[in-house]
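Chemist: Need the 3D shape of this:
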Amino acid sequence: MLIYKTFIGISKKKGNGAKMNKKQLIAKIAAAHNQSKADAERAFDGITSIILDCLKGDEQVKIAGFGTYKVAKRKARIGRNPRTGEQIQISASQKVKFLPAKALKEMFNK
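Modeler: Numbering: from 1, shown residues only. The predicted structure is shown next:
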């Protein structure tokens, strides 16, 4: 079993399950579409670049049956330092949110 995991390049960490990195994902894309890894990487990089450009432009990216990527804005607020209990000012920020589609949710919550 350990040899198999090492061979396919999947590592297991405590409680986190199997993980796939970009190189492994590109290899799977190349194999699924009978392409070279270089072609698959260019396609993957193109897709991620387009998604990032849309998010930077404050657009949502909806992929039917998969989910939606969008930018969530957080207002400035007052928080507390957990060590000292001192109040601190937390500045406004933005983050990327992923909202899974109904079909994706149902796949994992049968």
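Chemist: May I ask which helix or strand of the chain has the lowest mean pLDDT?
Modeler: None of the helices or strands of the chain scores lower by mean pLDDT, DSSP states H and E than helix 2-8, at a mean of 37.
Chemist: before we move on, which element is the spatially closest residue to residue 29 that is not a sequence neighbour in?
Modeler: Distance criterion Cβ to Cβ, 6 or more residues apart in numbering; nearest residue to residue 29, sequence neighbours excluded, is residue 40 at 4.3 Å. C-betas here are computed from N, CA, C, even on glycine. Assigned by DSSP states H and E, residue 40 belongs to helix 37-56.
Chemist: can you check residue 31 too?
Modeler: helix 22-32.
Chemist: Go ahead and flag the most central residue of this protein.
Modeler: Geometric centre of the chain, nearest residue: residue 98, 7.8 Å, by Cα atoms, centre = their mean.
Chemist: got any ranges where this structure has weak pLDDT?
Modeler: Scanning the chain with the threshold set as pLDDT under 70 gives 1-16.
Chemist: can you list the domains in it?
Modeler: 1-59, 60-110 (automatic domain parsing).
Chemist: now the residue lying closest to residue 72 once chain neighbours are set aside, what's its secondary structure?
Modeler: Using Cβ to Cβ, 6+ apart and skipping residues adjacent in sequence, the residue nearest residue 72 is residue 97, 4.6 Å away. With DSSP: H, G, I helix; E, B strand; the rest coil as the basis, residue 97 sits in strand.
Chemist: got a list of what residue 97 touches?
Modeler: Counting by Cβ atoms under 8 Å, 6 or more residues apart in numbering, residue 97 touches 69, 70, 71, 72.
Chemist: any idea how far residue 76 is from the residue lying closest to residue 75 once chain neighbours are set aside?
Modeler: In this structure, residue 75 finds its nearest non-sequential neighbour in residue 92, 5.7 Å apart by Cβ to Cβ, 6+ apart. Counting by Cβ to Cβ, to the nearest Å, the gap between residue 92 and residue 76 amounts to 4 Å.
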